[in-house]
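Undergrad: just a sequence and a predicted model for now, questions to come.
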Amino acid sequence: MPTLHPDRSSGGKLAANEWRRVYEHVVFYGLLAVFGVQSFIVSLVAACLHPLLPRRWGKPLGQLMIATGFRRFLFLMQACGILRCDLTALDGLRGERSLIIAANHPSLLDAVLIISRLPSVVCIMKAEIWNNWFLGGGARLAGYIRNDSPRDMIRLSVASLSAPQQHLLIFPEGTRTVGSELTAFKNGLGLIARRAAVPVQTVFIETNTRFLGKGWPLFKKPDFPLVYRITLGERRPAGEDVRTFVADLQGYFRQHCRSTGAATQEPLGD
């Protein structure tokens, strides 16, 4: 009778997988800590500079500080092998005339991805983030806009777009996508575009993960690597009829996201 030997190759693979999981845990929580510390330092410095610098200096400085911090964080994630992303499509928007960037919103990382490549961006954000110790100082210096008052949000958004080569980042759903379908778009996007007389550049975020999507706890570990790809869609001129413009834009987003899996977080190809 032949002697049976253990499958050493299988045992080696299991051991390698275990070590990989330990490595991913350490790196994942370590990078979250690094991001938190970095964000707090940027926020603290920005909060100190905000009352001292004229707006014409403070606003671009704040935007640059945030973009640089986000880009450094994404670089570290890629260097550690837990993130793969292709954001190069956004580079073509640098130096463009003022416009609105409208993107789908699968996760909390979406703004990080976009702002990391486009330093001259004003972002509309929730009031609780504005008051956050880790992000609030930078947001105020960078001229980001709170969304708690629709009238003020629209007024400040239009004013920000009056500056040359200034981009306004909007997630038309107003919140992260819930489930497999995009939620109804807000009419504020169309109103801002019409009043500012600027076009809307559509941006699509595709991913293989639900990490930091709606209902995902911050410290819940996802499967790695996280994969993100950003592509540019149509650029649409502002419409006179706000409701029709927003409805048409929503239809375009839904059709594109269904065909690519951008709204459903389906696996991306290599």
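TA: Received, thanks. This one's a predicted model, so the numbers in the text were calculated from it and none came from an experiment. Numbers count the residues shown, from 1 in each chain.
Undergrad: shaky segments in the stretch 151-270 of the chain?
TA: 179-180, 261-270 (pLDDT under 70).
Undergrad: now do the helices in it.
TA: 188-196, 242-260 (DSSP state H, counting those that start in this stretch).
Undergrad: deepest of the ones you listed, which one?
TA: When the helices of the stretch 151-270 of the chain are scored by mean count of other C-beta atoms under 10 Å, the highest mean neighbour count falls to helix 188-196 (a mean of 22). C-beta: built from backbone N, CA, C; applies to glycine.
Undergrad: distance between that helix and the chain's centre?
TA: 21 Å (C-alpha atoms, centre = their mean, to the nearest Å).
Undergrad: can you state the direction angle for it and helix 242-260?
TA: Counting by axes from the mean of the first three to the mean of the last three C-alpha atoms, to 10 degrees, helix 188-196 lies at 130 degrees to helix 242-260.
Undergrad: make 283 the first number, not 1, from now on.
TA: Happy to do that; since the first residue is 283 now, the last one works out to helix 470-478.
Undergrad: contacting residues around helix 470-478?
TA: 380, 382, 384, 432, 435-436, 439-440, 443-444, 450, 452, 454, 481-482, 520-522, 524-525, 527-528, 531 (C-beta atoms under 8 Å, 6 or more residues apart in numbering).
Undergrad: same check, this time on stretch 528-537
TA: Outside stretch 528-537, the residues that reach it (C-beta under 8 Å, 6+ apart) are 384, 386, 454, 463-464, 466-469, 471-472, 482, 484, 486, 515-516, 518, 521, 545.
Undergrad: okay, and which of the contacts of helix 470-478 map to strands?
TA: Among the contacts of helix 470-478, the ones falling in strands (DSSP state E) are Ile382, Ala384, Leu450, Ile452, Val482.
Undergrad: quick one: contacts for the second one?
TA: This points to Ala384. So Ala384 contacts Ile452, Phe453, Pro454, Leu471, Val482, Gln483, Thr484, Val485, Leu531 (C-beta under 8 Å, 6+ apart).
Undergrad: any buried residues in the helix or strand encompassing Leu358, and which?
TA: Following DSSP states H and E, one finds Leu358 within helix 337-361. Residues of helix 337-361 classed as buried by neighbour count (16 or more other C-beta atoms under 10 Å): 340-345, 347-349, 351-353, 355-356, 358-359.
Undergrad: ok, back up a step: mind putting the ones in strands among the contacts of helix 470-478 in CSV, distance to Ala421 included?
TA: Shown next, in CSV, are the ones in strands among the contacts of helix 470-478 (distance: C-beta to C-beta, whole Å):
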residue, distance to Ala421
Ile382, 19
Ala384, 20
Leu450, 14
Ile452, 15
Val482, 23
